[in-house]
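Chemist: Need coordinates for the following:
(2 chains)
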Amino acid sequence: MDRRRFLTGALGAGAVTLGAPWLATAGAATEDDLAFANFGASTELLVRDFYAKAIDARLVGAQTTSALKHGRSAAGWHAKAQSDLLTSAGDVAPLPEDFDFEWPLRTFKTKAAMMAAGLAVLRALRGVYQTAAAMASEQSYRVLYASLAASVSQQIVALGGAAAAEPFPVALDIENASDAIERYLG
Amino acid sequence: MKVLAALGAVLAILTGSAHAQSHPLTIYAAASLTDVFRAFDPDQRYSFSGSNALETQIRNGAPADIFASAAPLNTQRLFRQNLVGKPVTFTSNRLALIVPKSNPAGIRSVYDLRRKPVKLVIAGAAVPVGGYTRTVLRKMGLSSVLSKVVSQETDVRAVTGKVALGQADAGFVYVTDARAVADRVTVIRIPAWAQPRVRYEIAVVSSSSKKAAAQAWIKTLLSARGQAALKEYGFLPVPGA
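Modeler: Residues are numbered from 1 along each chain as shown, chains lettered A, B, ... in the order given. I've put the predicted structure just below:
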């Protein structure tokens, strides 16, 4: 099994395999924890929209299309994990209809533009997950976010091709990550 | 035939307008709808205020024909008590942070509210825009900035006015209200992921003696013409509609 094939096979893992121990402590979530979940759930909806449009665009071969499908599935699970945390904490979880996803005009016209847009969003998302994995108040949340960061890293490598070309992952606060994705959220 | 139909339509508008002038509807509407409703139909009688205050007035028997609220909560409460007919959602909106053009506190981002000493003005918690403001702050993990609130207003227009006059460093308002004072304030965008679900609902008041006319007015508001008027003033279509 080559590296790309291994990664595409592993994309859907992560939070899905953990059960949901974070829900048991949802009542203890701090406002910062909920901010991570709100940002994460919203951005995962954006990521899922990206994968759906990328699949429809038919710009890549079968193996990468498989990675896109795995990514779409993973984004759905990641959004659900964080939405469940929000609702268990008594908050309102974001829904796809809350957003007018706006991809720049030529995003899905070329493979390069498509991958660049997807990577921009995924890198911002991973940066926040890295921060959340270090800063969240409960251990179960930190495990969740570490898992999500790992899953998103896999997606980045699968989309980006050679791992050597990928910049070293940088933890981001929500403010900076938010600036990076705002143009796509409408 | 087409000419006759067109003449008929013009006649209907003219007679409708004349009828409205002699027997105007009394429309209780959220303060944020002030400009668009007056422009859309200047012939009706309006009372604009915070939706919570209007809800209370209708509950106390105020002679309204139509109630247009900036939050479903207010219309739905009245509906459950049979005080209004079934509400319909007719538009949506977004929140923004505004600062005076002079921006004495140097605010460039919502997160600056946490970093800098500011005089913040917001609407009270019972007012829709006040509730939405608290939702935004909670979503962004910024509820601590509520300690910097120097004034809680009764409706969004009061918040807008205080910031526009430089009596506060920043305030949370609807995007549509920010547009109305664009020459005096700078708008700071709130991230889409932190936006609350702002939905406007409208309903015929059960005690109205002009129910048919009120229903017709709502139908016009929901029509392409009504939706175009709302769009012109910066309101957004109902998601999924």
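
Chemist: now the helices: where do they sit in the chain?
Modeler: This is for chain A. Secondary structure of chain A by DSSP state H: the helices cover A:3-10, A:31-57, A:62-88, A:111-135, A:139-160, A:174-185.

Chemist: let's do chain B instead
Modeler: Using DSSP H, helices in chain B cover B:2-22, B:34-40, B:51-59, B:72-80, B:112-115, B:128-139, B:156-164, B:175-180, B:211-222, B:224-232.

Chemist: Which one of those helices lies nearest to residue A:175?
Modeler: Closest approach to residue A:175 among these (Cβ to Cβ): helix B:112-115, 9.7 Å. For glycine as for every other residue, the C-beta is placed from the backbone atoms N, C-alpha and C.

Chemist: rewinding a little: name the stretch from the helices of chain B where average model confidence is lowest.
Modeler: Among the helices of chain B, helix B:2-22 has the lowest mean pLDDT, at a mean of 48.

Chemist: Quick check: phi and psi at residue B:233.
Modeler: Residue B:233 adopts backbone torsions of phi -90, psi 10, taken as degrees, to the nearest 10.

Chemist: what number of residues lie near it?
Modeler: 19 (other Cβ atoms under 10 Å in any protein chain shown).

Chemist: again with residue B:125
Modeler: Using other Cβ under 10 Å, residue B:125 is surrounded by 12 other residues.

Chemist: contacting residues around the residue sitting nearest the centre point of chain B?
Modeler: For chain B, residue B:32 is the residue whose C-alpha lies nearest the centre (Cα atoms, centre = their mean; 3.1 Å). Taking Cβ atoms under 8 Å, 6 or more residues apart in numbering or on different chains, we find residue B:32 in contact with B:70, B:93, B:129, B:156-157, B:174, B:176-177.

Chemist: Tell me which two of those residues sit farthest apart.
Modeler: Farthest apart among these - using Cβ to Cβ - are B:93 and B:157, which lie 14.0 Å from each other.

Chemist: more neighbours, those two?
Modeler: residue B:93 (27 against 23).

Chemist: Run through the bridge partners of the more buried one.
Modeler: residue B:198 (DSSP bridges).

Chemist: so what pLDDT did it get?
Modeler: 97.

Chemist: I figured it hits residue B:238, correct?
Modeler: No: counting by Cβ atoms under 8 Å, residue B:93 does not reach residue B:238; the two are 10.7 Å apart.

Chemist: I'd like to know how many residues surround the closest residue in space to residue B:170 that isn't next to it in sequence.
Modeler: Nearest non-adjacent residue to residue B:170, counting by Cβ to Cβ, 6 or more residues apart in numbering or on different chains: residue B:99, 4.9 Å away. For residue B:99, the count of nearby residues is 23 (other Cβ under 10 Å).

Chemist: Show the contacting residues for residue B:99.
Modeler: B:105, B:107, B:163, B:169-170, B:185-186, B:188.

Chemist: Spell out which parts of chain A neighbour chain B.
Modeler: Residues of chain A lying close to chain B (Cβ under 8 Å from any Cβ of the partner chain) are A:31-32, A:34-35, A:38-39, A:42-43, A:91-92, A:94, A:97-99, A:174-175, A:178, A:181-182, A:185-186.

Chemist: For ChimeraX, write the select line for the buried members of those.
Modeler: Buried residues within those, by 16 or more other Cβ atoms under 10 Å in any protein chain shown, are selected in ChimeraX with:
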select /A:32,34,35,38,39,42,43,91,94,98,99,174,175,178,181,182,185
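
Chemist: Setting aside sequence-adjacent positions, which residue approaches the residue nearest the centre of chain A most closely?
Modeler: The C-alpha lying nearest the average C-alpha coordinate of chain A belongs to residue A:44 (Cα atoms, centre = their mean; 4.6 Å). Spatial nearest neighbour of residue A:44, chain neighbours left out: residue A:79 (3.8 Å); criterion: Cβ to Cβ, 6+ apart.

Chemist: how much space between the one you found and residue A:122?
Modeler: Shown here: residue A:79 relative to residue A:122, a distance of 14 Å by Cβ to Cβ, to the nearest Å.

Chemist: Over to residue B:110?
Modeler: Distance, residue B:110 to residue A:122, by Cβ to Cβ: 24 Å.

Chemist: hmm, back to that, was I right to think the residue nearest to the centre of chain A contacts residue A:82?
Modeler: Yes: at 7.0 Å, residue A:44 and residue A:82 qualify as touching, with contact defined as Cβ under 8 Å.

Chemist: ok, now which ones touch residue B:148?
Modeler: Applying Cβ under 8 Å, 6+ apart, the residues near residue B:148 are B:113, B:117-120.

Chemist: Can you check the pLDDT for it?
Modeler: If you check residue B:148, the pLDDT there is 97.

Chemist: how long is stretch B:62-76 end to end?
Modeler: End-to-end distance for stretch B:62-76, by Cα to Cα, to the nearest Å: 18 Å.

Chemist: Can you list the buried residues in that stretch?
Modeler: Those would be B:62, B:64-76, for stretch B:62-76 by 16+ other Cβ under 10 Å.

Chemist: Check the residues you listed and tell me the two furthest apart.
Modeler: Top of the distance list for these (Cβ to Cβ): B:65 and B:73, 21.1 Å.

Chemist: Disregarding residues adjacent in the polypeptide, which is nearest to residue A:122?
Modeler: The shortest distance from residue A:122 to any non-neighbouring residue, by Cβ to Cβ, 6+ apart, is to residue A:156 (5.0 Å).

Chemist: tell me which parts of chain B are close to chain A?
Modeler: B:109, B:111, B:135, B:138-143, B:189, B:191-195, B:197, B:239-240.

Chemist: out of those, which are buried?
Modeler: In the residues of chain B next to chain A, the ones that pass as buried (16+ other Cβ under 10 Å) are B:109, B:111, B:135, B:138-143, B:191-195.

Chemist: my guess is the residue nearest to residue A:122 contacts residue A:121, does it?
Modeler: No: assessed by Cβ under 8 Å, residue A:156 is found out of contact with residue A:121, at 10.1 Å.
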